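A.B. asks: Provide a 3D model corresponding to the input given below.
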Amino acid sequence: MLHSFHIPVLGLSYSIDTPVKVARFGISSVVSIVEDELIEKMREYYCTQSEEEYIAITVKDEDYRARRITAYLDLLDRIVKKQMDVLKEEPFEEGKDIVKYFEMLPAHSNTKALYDQMLAADNKAVLQAQLRKEIRQGAIDVNIMAKIDNGTGENSDALAALRGVANSTLKTSVVLSAGYNPRLYNYVTNFSCFHPYGDKKIILKVSDYRSALVQGKLLAKKGIWVSEFRIESGLNCGGHAFATEGMLLGPILEEFKNKRTALRAELEELANVKDLPLKITVQGGIGTANEDQFMTEYYEVDGTGWGSPFLLVPEATNVEEHTLQQLATAKKEDYFLSKASPLGVAFQNFRPSTSEEQRKLRIEKNRPGSPCYKKFLATDTEFTATPICTASRQYQDLKIKQLKAKGLPAEELQAELDNVTSKDCLCEGLSVSVYLKNNIPVAHNLTAVTICPGPNLAYFSGVFSLKQMVDHIYGKVNILNNLPRPNMFINEIQLYIDYLKNNNVKQKFRDNLLEGIEYYKNLLPSFKRETKQYLNEMLDQLNGQRQLLLEINPLN
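C.D. replies: Residues are numbered from 1 along each chain as shown. So this is what the prediction gives:
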């Protein structure tokens, strides 16, 4: 990796073409391949932009979902390769991408040092020729949410998506997230490109060490090597939030650090391989250069993920103008953990979004729920033989009638109704922003935007250039707003305390949080880059959070 960070998957559309925007600068990013209709529209859009012939792959075509994904990834591959060819030939002049490429590199990079040497040299030609040979593109990786797997046989959503990747020309890594899917894990073995020495890799997004070990072993026994474990904070993240049993990110990373050698040895033996790359990276709530460097220096991770802050970078992501301005001026209370996801998993949400506005308006008009066209999250069979989505108008109408017939007390009934109508259509809402930004026609006139930033975005205000954000990550500038920002670990504890207050959790959950707080108190001397005042404030905050926890009585 030229850069020490990557841009994780952002919704369905927000990073759908991020590689076209950042890969030529050596920055790695992740594309969601859940929504094949969106992918097909983006392929049409970029074929037009690139003056390539576009031949539609329709739902009537055999294996259309996999073929759409293959065709789009192949297109991304071609576009970025062309961009790299152009960049490598550019003169080293102000405003050129080749200059931007080298100026954004981290200070510790040998390539950056060579670039600085070239700038000071009298005869620049030799060093410039050397620099051109050093240019590398960022990885174009893809994400498959294992839980989104409707359908049967090899044409199920997740299996077709994996097949689409396998058949593409792109040398990529597949990030498998949202838990274990037995049929998907079995299906991986069908493709030699995912075998240990193939040209495509498997990355697992996990929330703790046990999950990494169990899933890593399941794949290793099948002869599949996991090239990277991507650890994500349970709650201090964007999108779907998978809370741990009160296990905090610091102790989780400590366990990975201490058991990394043993993890490698066990997986190598099961997979019968030796000395293949095994990276450990972390993402979720990182907001300062000091926090980023603490991850790599103390926990010895191989890289970090910076997601939500890039939503404020139009050069990198697709946030249409109205929502962009909302994010740029948002307040801390605008970010909240919701029940909006039909998957039944907590979902980070944004109060001012047009999708929230639309959801509430539909309730006011006695028409709660959404029309359901795409059915990726249609999994409920309480009322119908064919699965339907709990965010759909059909489901919510049936469920509300059932609840009203029960004769529940008014307060209890309202709580139940609120729970039902909290569900929102993510298939449409997470896709539409890229259409609006690029003036692509929107089907069914569904233009309400769902956006799911992590709560860490509360500390960033404004709209930024790609270089500004990268410079912030590396500590060259500071673009945080004036809101007092506790350390990322403190922020995560508070998110877990709030979660504990609002959910029925067991004593073990609180005990793990208390243990985590003691861990951080002992860790304070290791924060070498922070001031004494900063560490004193951390200690005060940890003691305050400990007291809050002691006043909460969870379930036994």
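
A.B. asks: spell out which residues make up each domain of this structure.
C.D. replies: Domain ranges of the chain: 9-90+127-312, 354-445, 465-550, per automatic domain parsing.

A.B. asks: which of those sits most buried?
C.D. replies: Ranked by mean neighbour count under mean count of other CB atoms under 10 Å, those are led by domain 9-90+127-312, which reaches a mean of 20. (Each C-beta comes from the backbone N, C-alpha and C, glycine too.)

A.B. asks: gap between residue 97 and residue 26?
C.D. replies: 11 Å (CB to CB, to the nearest Å).

A.B. asks: ugh, typo on my part, it should be residue 439
C.D. replies: To residue 26, residue 439 is 30 Å away according to CB to CB.

A.B. asks: how about residue 151?
C.D. replies: The gap separating residue 151 from residue 26 is 37 Å, by CB to CB.

A.B. asks: excluding covalently adjacent residues, which one is nearest to residue 461?
C.D. replies: Leaving aside its sequence neighbours, residue 461 sits nearest to residue 481 (CB to CB, 6 or more residues apart in numbering; 4.0 Å).

A.B. asks: what does residue 335 show for phi and psi?
C.D. replies: Taking degrees, to the nearest 10, you get phi -100, psi 130 for the backbone angles of residue 335.

A.B. asks: ok, it - contacts?
C.D. replies: 348-351, 453-455, 457-458 (CB atoms under 8 Å, 6 or more residues apart in numbering).

A.B. asks: buried subset of the residues you listed, written for PyMOL?
C.D. replies: Remark: buried members of those, expressed as a PyMOL selection using 16 or more other CB atoms under 10 Å:
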select buried, resi 348+349+350+453+454+455+457+458
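
A.B. asks: which ones among the contacts of residue 335 lie within strands?
C.D. replies: 348-350 (DSSP state E).

A.B. asks: what's near enough to touch the residue lying closest to residue 316 once chain neighbours are set aside?
C.D. replies: Computed as CB to CB, 6+ apart, the closest residue to residue 316 that is not its neighbour in sequence is residue 310, at 4.9 Å. Residue 310 is in contact with 7, 10, 15, 18, 316-317, 469, counting by CB under 8 Å, 6+ apart.

A.B. asks: ok, 6 Å please
C.D. replies: 7, 316-317 (CB atoms under 6 Å, 6 or more residues apart in numbering).

A.B. asks: equivalent analysis for residue 350, please.
C.D. replies: Applying CB under 6 Å, 6+ apart, the residues near residue 350 are residue 451.

A.B. asks: quickly list what it is bridged to.
C.D. replies: Beta bridges link residue 350 to residue 335 when assigned by DSSP bridges.

A.B. asks: am I right that residue 159 sits in a helix?
C.D. replies: Yes: assigned with DSSP: H, G, I helix; E, B strand; the rest coil, residue 159 falls within a helix.

A.B. asks: how confident was the prediction at it?
C.D. replies: Residue 159 is assigned 97 on the pLDDT scale.

A.B. asks: for it, which non-adjacent residue is spatially closest?
C.D. replies: Nearest to residue 159 is residue 187, by CB to CB, 6+ apart, at 5.0 Å.
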